[in-house]
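J.: let me see the structure of the following:
(one chain, ligands or ions: 1)
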Amino acid sequence: MNEPDDAAARGQLWHGRFAGGPAEALQALNDSLPFDRRMFREDIAGSRAHVRGLVRVGLLNTDESDAILAALDEVEAEMQSGQFGFEASDEDIHTAVERRVTEIAGPAGGKLHTGRSRNDQVATDLRLWVRRELHELAELVLQFQGTLLAQADNAGSAHLPGYTHLQQAQPVTLAHHLLAHGWALTRDIDRLLDCLARANVSPLGAGALAGSSLPLDPDGVAAELGFAVRFENSLDAVSDRDFVAEALFGLAMIGIHLSRIGEELILWASTEFGFVTLDDAFSTGSSMMPQKKNPDIAELARGKAGRLIGNLTALLTTVKGLPLTYNKDLQEDKEPLFDSCDTVRLTLLALDGMVGTLTFNTDRMAAAADSPYAAATDLAEYLVVEGVPFREAHAIVGALVRDALAGKDSLAGLVAAHPQLGADAAALLEPGVSVRRRTTPGAGGPEAVADQLVRFTEQLAADRARLTDGP
Ligand code: ARG
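T.: Numbers count the residues shown, from 1 in each chain. Presented below is the predicted three-dimensional model:
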């Protein structure tokens, strides 16, 4: 423990009330600067808007505001270039910026915090940060969707088995399978934008918790920061972290989608499947086994989902049961959020590269998809068209499959010889026939998928436009 020295000399924010400085252990636990310094741009933007608001209501004259705004510019330049000299007393980014502004601007700097608390300040900074970051992440999701679309476009009429229970079920085109992941990501963009809309509310002017006796202008400040509206209730404004929870859920959901893609790539790259070959730049080797080529990116996409879920759980658990309004527990909102954003960014970029450079071994896929058994549903539907009730048709074909598996004859032979089926039905078992018959809207056959490709392209264009217009 260090000797409690003079609190004012150490630049402590609350030095008026305290005779001594904080203990080292308190400072080590309490300081959030190591992680919240990455919000310096938002903190400075919030301060600029606050200063202009104070001028509008006559709490700062223009000499004072000029001095503070110039100091804020200087602090921003120092932070941007890495020249900023942080001090031991800089508890968080808000403290550090204000301390330096006061050093540069002199006495006017002491007026920067007029009518403001770190409670409304930190909520403002974090909302600004979330707004920018989620927007960028949505752009990356869109980029990855573009890669899936390009691969789907290239896939032409290549087909593979569709699976249920990881058992071969019915053949579908490769494009259909790739687009399935693409559509899931469309919902993720939707979720991010939806979360952004609720995050886009300014808490600045709520003060510590109760607003202010000073004639502040929260509406003007909100407009200046590009927020859609200001808070309605000052207590709610400083204690609401719903937007962090929503962001973490949106990010966890993206992580889960990426983990499902990852899991399939791991399977598909295995010797047993052999559906894809990984590009050297996006796969790893083994330190011991020279023959190995490993899908580490896909495994990490699967693994990272765990920490994304953990971050969401951590935040929800932190906020649960907190009494109004600000409690220091809320400082625990930032690390999970930052970590989830960083994790999703890294994973999206790597998986995008991996998927974009995949080689699809379409012969292996087709060989697996063209197993005559994969066309069993087509045989049952052939009988349905002939007027046989589906349940009966299912049983007839099921019995033939059982006989074929027992070695009585090939399935095609048994179908050709069956009185209700015959040669026409047996032709359905020819390679590539079954997949072409899936023609209903949204189905997996090439005709329906050609239409889907158009719709997916339109969806990406619409989302691109939404991101361009967005907050
Ligand atoms: N570092 C704090 C946080 O991240 C800022 C707000 C502190 N407010 C307070 N009254 N101690 O939440």
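J.: from Ala199, how far off is Gly470?
T.: 12 Å (CB to CB, to the nearest Å). Quick note: C-beta positions are derived from backbone N, CA and C, even for glycine.
J.: which one of the two is surrounded by more residues?
T.: Ala199 (23 against 16; other CB atoms under 10 Å).
J.: excluding its backbone neighbours, what's nearest the more buried one?
T.: The spatial neighbour of Ala199 that comes closest, neighbours along the chain excluded (CB to CB, 6 or more residues apart in numbering), is Phe243 at 3.8 Å.
J.: same check on Val319?
T.: Arg241 (5.4 Å).
J.: show the contacting residues for that neighbour.
T.: Residues counted as contacts of Arg241 (CB atoms under 8 Å, 6 or more residues apart in numbering) are 315, 319, 330, 333.
J.: how close does it sit to Leu322?
T.: According to CB to CB, Arg241 and Leu322 sit 9 Å apart.
J.: quick check: neighbours shared by those two?
T.: With CB under 8 Å, 6+ apart as the test, Arg241 and Leu322 both reach Leu330.
J.: flag every residue of the stretch 51-200 of the chain that's near the ligand.
T.: Taking CB under 6 Å from any ligand atom as the contact definition, the stretch 51-200 of the chain meets the ligand at 92, 118-119, 122.
J.: any idea how far the residue positioned nearest the centre of the chain is from Asn200?
T.: Central residue of the chain (CA atoms, centre = their mean): Leu251, 3.3 Å from the mean position. Distance from Leu251 to Asn200, counting by CB to CB: 18 Å.
J.: same question, Thr317
T.: 26 Å.
J.: mind checking which of the two has more residues around it?
T.: Asn200 (20 against 11).
J.: residue contacts, that one?
T.: 127, 131, 227-229, 471.
J.: do the same with Glu386
T.: Glu386 touches Gln420, counting by CB under 8 Å, 6+ apart.
J.: and it, what pLDDT?
T.: Glu386 carries a pLDDT value of 94.
J.: buried subset of the residues of the stretch 51-200 of the chain next to the ligand as a ChimeraX selection?
T.: Buried members of those, defined by 16 or more other CB atoms under 10 Å, are picked up in ChimeraX with:
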select :92,118,119,122
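J.: tell me the two of the residues of the stretch 51-200 of the chain next to the ligand that are most distant?
T.: Based on CB to CB, the longest span within these runs between Asp92 and Asn119 and measures 11.8 Å.
J.: the ligand contacts on the stretch 201-350 of the chain?
T.: Counting by CB under 6 Å from any ligand atom, the residues of the stretch 201-350 of the chain near the ligand are 326, 328, 330-331.
J.: nearest to the ligand: which residue in the stretch 301-450 of the chain?
T.: The ligand sits closest to Gln331 of the stretch 301-450 of the chain, with a gap of 3.7 Å, by CB to the nearest ligand atom.
J.: show the pLDDT at that residue.
T.: Gln331 carries a pLDDT value of 98.
J.: likewise Asp217?
T.: We have a pLDDT of 96 for Asp217.
J.: same thing with the one 5 residues further on?
T.: pLDDT, Ala222: 98.
J.: against Ser32, how distant is it?
T.: Counting by CB to CB, the gap from Ala222 to Ser32 is 25 Å.
J.: these two: who's more crowded?
T.: Counted by other CB under 10 Å, Ala222 and Ser32 do not tie: Ala222 has more neighbours, with 23 against 19.
J.: leaving out sequence neighbours, find the closest residue to that one.
T.: In space, and not counting its chain neighbours, Ala222 is closest to Ser202: 3.4 Å by CB to CB, 6+ apart.
J.: so what's the one you found up against?
T.: Going by CB under 8 Å, 6+ apart, Ser202 touches 124, 127, 218, 221-222, 225, 227, 229-231.
J.: any idea what it is bridged to?
T.: In this entry, Ser202 is beta-bridged to Arg230, by DSSP bridges.
J.: residue numbering should commence at 724 henceforth.
T.: Renumbered: residue one is now 724, and that last one reads Ser925.
J.: mind checking how far it is from the ligand?
T.: Distance from Ser925 to the ligand, counting by CB to the nearest ligand atom, to the nearest Å: 17 Å.
J.: can you check the pLDDT for that residue?
T.: With respect to pLDDT, Ser925 has a value of 98.
J.: same question, Val780
T.: For Val780, the model assigns a pLDDT of 97.
J.: what's the answer for the one 3 residues further on, then?
T.: The predicted local confidence for Leu783 comes out at a pLDDT of 98.
J.: quick one on the thing from earlier: pLDDT, neighbour count and secondary structure added to the contacts of Asn923, as JSON lines?
T.: As requested, the contacts of Asn923 are exported to JSON lines (pLDDT from 0 to 100; neighbours: other CB atoms under 10 Å; DSSP: H, G, I helix; E, B strand; the rest coil):
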{"residue": "Arg850", "pLDDT": "98", "neighbour count": "24", "secondary structure": "helix"}
{"residue": "Arg854", "pLDDT": "97", "neighbour count": "22", "secondary structure": "helix"}
{"residue": "Phe950", "pLDDT": "98", "neighbour count": "24", "secondary structure": "coil"}
{"residue": "Ala951", "pLDDT": "98", "neighbour count": "14", "secondary structure": "coil"}
{"residue": "Val952", "pLDDT": "98", "neighbour count": "12", "secondary structure": "strand"}
{"residue": "Pro1194", "pLDDT": "67", "neighbour count": "14", "secondary structure": "coil"}
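J.: now, the most widely separated pair of the residues you listed?
T.: Greatest spatial distance among those (CB to CB): Arg854 and Val952, at 13.5 Å.
J.: picking that back up, for the residue nearest to the centre of the chain, give me its contacts.
T.: 860, 1031, 1034-1035, 1063-1064, 1066-1067 are the contacts of Leu974 under CB under 8 Å, 6+ apart.
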